[in-house]
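**Q** For reference, the sequence and a predicted model appear below.
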Amino acid sequence: MSISKRFWISLILSLPMLANMLLMPFGWMLPGGAWTQLVLTTIIMVISAGPFVQSAWASFKKHHSNMDTLVAVGTATAYLYSIYAMVTNQAVFFESAAFVTTFVLLGQVFEERMRNNASNAVEKLVNLQAKHAEVYRDGQYVQLPIDEVVAGDLVRVKPGQKIPVDGVIVEGHSTVDESMVTGESMPVAKKTSDAVIGATINSDGTFVFKASKVGGDTMLAQIVELVKKAQNSHAPIQKLTDKVSDIFVPVVMMLAIATFLVWYVFLSASLAQALIFAVAVVVIACPCALGLATPTALMVGTGRGAKMGILIKNGEVLEAVNDVKTVVFDKTGTITVGQPRVTDVVGNQSRVLAVAAGLEESSEHPLATAILKRAQADQIEAGPVTDFHAIEGKGVEATVAGQHALVGNQKLAADLTVSPALQQQAADLQAAAKTVVYVGVDQEVIGLIAIQDEPKATSKQAIADLKARGLKTVMLTGDNERVAQAIANQVGIDEVIADVLPGDKADHVQALQADGKVAFVGDGINDAPALTVADVGIAMGSGTDVAIDAGGIVLVKNDLRDVDRALALSRKTFNRIKLNLFWAFIYNVLGIPVAAGVFFSIGLSLSPELAGLAMAFSSLSVVTSSVLLNKAKITSRPKLA
Amino acid sequence: MVKIIVLIIGLAIIGLIAWWFFGKHNVEAVSADSVGAEQQINIEVNGGYSPENVVLKKGVPAVLNFTRKDASSCLDRVVFSDFGINQALPKDQKQAIRIDTSKAGEYQWACGMDMFHGKLTIK
């Protein structure tokens, strides 16, 4: 039976007993009295608490104990004692057994929901892999399953197809969308002797490549392996909780027995009295409040985050956020928009754009989209174009309104006349890390179009917010130093690490971890290892599913300012967890001696009912404290002192 | 007189708990059976792992078959952190986990919450 079913059964059957407990002072009693309680609790014990007992017993046989042991001992003792009390006509506390079961199961239901939400990043990565490949065998191309491709095979890739494995092009050329692996948003032009990466998508041309790495050696497989290892690595704090849980349960049981002995043997209490003290110890030590402290605060904190478009995956992330010293950003798609845009048009705006748009309409060049978008936005109509030709490696030419027009790169411009003014402007634009496209008519350059992947409008503010929090900001990118530094200056990043290979991002994050905890913000599949290695991985919502899965925090709105809000919310939630744990712990530290009757001489003692109530109250206070987290103020920008 | 007997029994139970949970207990190491070119071990998951201590031969492909009998949600995953394996164990279903035995050494495995542990030795 599922945990949630066990919880609902336990909850529904506990409600009459809760009513009985609350309404007793007002003279209302549960019909049937102790007999009704016995029946309700017996059903709970068998169905809902039964698996605890089974698991506790199985662990016991192997010299282990866990939370299930304490739950089983606590509920079973309360239950069995209550039967004994019923027989001897004393007060029963069946409700303690029922409530303990209900509360513990509630915690487990929360926990199961949390754990199921952590979806499988690795599976999604593996699914990127192409299933088939067109391989040259025995004089012709045949469709083969990916497993049968071996290194050295010639593989043909048609437009729109996935490249099956890593290799080097031997024939043909094309542009390839590598964004899923490298995070690079611009499609990359590939020609003979260029390397291609498996699982990337070929856009327009057909080419043949020689497979160099297959199976477990491909870049994708390596990334999968990295994410797998990183995901399952251990958090150091787990060792501590291991130790505590290893001794907590047996120690509580020994304390309970010692309590019984002291009262019965040395203080000459009656058997029932001594047993009551012992049972109170077991009941009050039930790890309910300790168990609820974390999941409830997590539920509320993550729920609140979800409303703000900030998804926090687990408690470890919350904990790690507390000590973050450095925030590392991926550039493309994180700080920048991730799509090239026309930033400057030099020369006669409408004429330059009209010519360029006319030519680019027939072109498949990656930058064409940016130019066409700008032309559209400026409502510039491209004239009819005839005699369209691509000039290999330089650009395109065509006849526009009877004139010979050209659009292309610097190599194309070398064949044309360029005025010194335009030459200077082109150099300036390049210095600002922009890609310059030359537009020529009748052998003369009439204008320039500068294209750049610009920073998002909110990036500057986001970086400023984080700096105000006292955090160091670092940008990590595969782009060259010049482009990276230009972007960094625009948004105010402290440090730039450029020319980073996709596989090395995680290493750079690890190096930065030497100076304290690091948060990494990224969006591409190539960011997945870095997201997992970082103490806190923050994935942007516009990114790939894999990046989102590898991140500990996901920003749905794709607004970089949410990084700061996510950090603020995580800190608040983690502090609430610490507060909860403190209360739960204090409750146990104070509760156990009181329950054991240490303060009996000064009139302070706890009957098992009161112990049960105190247990429920401590749980309730922890839950209330968690719910109040909903009202806590989350400032997006800390006040400067 | 009754009290003295109760005291002795009570102290004995405390001692028993201490010995049972904190004492050193020998854990039997189980070596794999070779089935053809593969070595296999069946591991039952019930309040821990039995066997808890597994020895595999280096270089021979190995399969560990986990069968979870325990309803506890603590044991519903098994994690081999050194191998990047994190496998869900549906209750009462045999789950085969392939282990790369190319490197000799001692490795730990644990349940999803790191409460229960097992040891894998490759030599």
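**A** Arrived safely, thanks for sending. Remember, predicted model here, so these are calculated numbers, not experimental data.

**Q** Alongside chain A, which residues does chain B contribute?
**A** Within chain B, the positions near chain A by C-beta under 8 Å from any C-beta of the partner chain are B:3-4, B:6-7, B:10-11, B:13-14, B:17-18, B:20-23, B:25, B:46-48, B:50, B:52, B:69-75, B:79-81, B:84-86, B:112, B:114-116. Any C-beta I mention is one placed from the backbone N, CA and C, and that applies to glycine too.

**Q** In which helix or strand does the nearest residue to residue A:465 once chain neighbours are set aside reside?
**A** For residue A:465, the nearest residue in space outside its immediate sequence neighbours is residue A:564; the separation is 4.1 Å by C-beta to C-beta, 6 or more residues apart in numbering or on different chains. When elements are defined using DSSP states H and E, residue A:564 is found to belong to helix A:562-595.

**Q** Ok, residue A:423 next?
**A** Residue A:423 belongs to helix A:420-431 when elements are defined using DSSP H and E.

**Q** and the helix or strand following that helix, C-alpha only, in PDB?
**A** With elements assigned by DSSP H and E, the helix or strand that comes after helix A:420-431 is strand A:435-441. What follows is the C-alpha trace of strand A:435-441 in PDB, where atoms were taken according to Å, rounded to 0.1, in the frame of the first residue of the first chain:
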ATOM      1  CA  THR A 435      30.300  40.900 -36.000                       C
ATOM      2  CA  VAL A 436      30.400  43.300 -39.000                       C
ATOM      3  CA  VAL A 437      28.600  42.600 -42.200                       C
ATOM      4  CA  TYR A 438      29.500  44.600 -45.300                       C
ATOM      5  CA  VAL A 439      26.900  45.700 -47.800                       C
ATOM      6  CA  GLY A 440      28.100  46.700 -51.300                       C
ATOM      7  CA  VAL A 441      26.500  48.000 -54.500                       C
END
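
**Q** Can you say which helix or strand has the residue lying closest to residue A:560 once chain neighbours are set aside in it?
**A** The shortest distance from residue A:560 to any residue that is not its chain neighbour, by C-beta to C-beta, 6+ apart, is 3.7 Å, and that residue is residue A:462. Here residue A:462, judged by DSSP H and E, is contained in helix A:459-468.

**Q** Counting by contacts, list what that helix packs against.
**A** Contacts of helix A:459-468 with other secondary structure elements, assessed using 3 or more C-beta pairs under 8 Å, 6 or more residues apart in numbering or on different chains; DSSP states H and E, are made with strand A:472-476, helix A:481-491, helix A:562-595.

**Q** in it, what's buried?
**A** For helix A:459-468, burial by neighbour count (16 or more other C-beta atoms under 10 Å in any protein chain shown) applies to A:459, A:460, A:461, A:462, A:463, A:464, A:465, A:466, A:467.

**Q** One more: stretch B:82-90?
**A** The neighbour-count check on stretch B:82-90 (16+ other C-beta under 10 Å) flags B:82, B:83, B:84, B:85, B:86, B:89 as buried.

**Q** Going by distance to residue A:352, which of those residues wins?
**A** residue B:84 (53.9 Å; C-beta to C-beta).

**Q** so residue A:346 bridges to which residues?
**A** Each beta-bridge partner of residue A:346 is listed here: residue A:448, as defined by DSSP bridges.

**Q** tally of neighbours for it?
**A** Residues lying near residue A:346 (other C-beta atoms under 10 Å in any protein chain shown) number 21.

**Q** can you check residue A:512 too?
**A** One way to gauge burial is a neighbour count; for residue A:512, by other C-beta under 10 Å, it gives 22.

**Q** unless I'm mixing things up, it is touching residue A:518, no?
**A** Yes: taking C-beta atoms under 8 Å as the contact criterion, residue A:512 and residue A:518 are neighbours in contact, 5.0 Å apart.

**Q** who touches both of those two?
**A** Common neighbours of residue A:512 and residue A:518 are listed as A:326, A:328 (criterion: C-beta atoms under 8 Å, 6 or more residues apart in numbering or on different chains).

**Q** Residue B:24 should be in a strand, yeah?
**A** No: secondary structure of residue B:24 (DSSP: H, G, I helix; E, B strand; the rest coil): coil, not part of a strand.

**Q** before we move on, the earlier item: what's the closest of the buried residues of stretch B:82-90 to chain A?
**A** Using C-beta to the nearest C-beta, residue B:84 is the member of the buried residues of stretch B:82-90 that lies nearest chain A, at 3.3 Å.

**Q** List phi and psi for the closest one.
**A** Listed backbone geometry of residue B:84 is phi 70, psi 30, with angles given as degrees, to the nearest 10.

**Q** repeat for residue A:2
**A** Per degrees, to the nearest 10, the residue geometry at residue A:2, taken as phi and psi, is phi -70, psi 160.

**Q** Equivalent analysis for residue A:479, please.
**A** phi -70, psi 170.

**Q** Much appreciated, bye for now.
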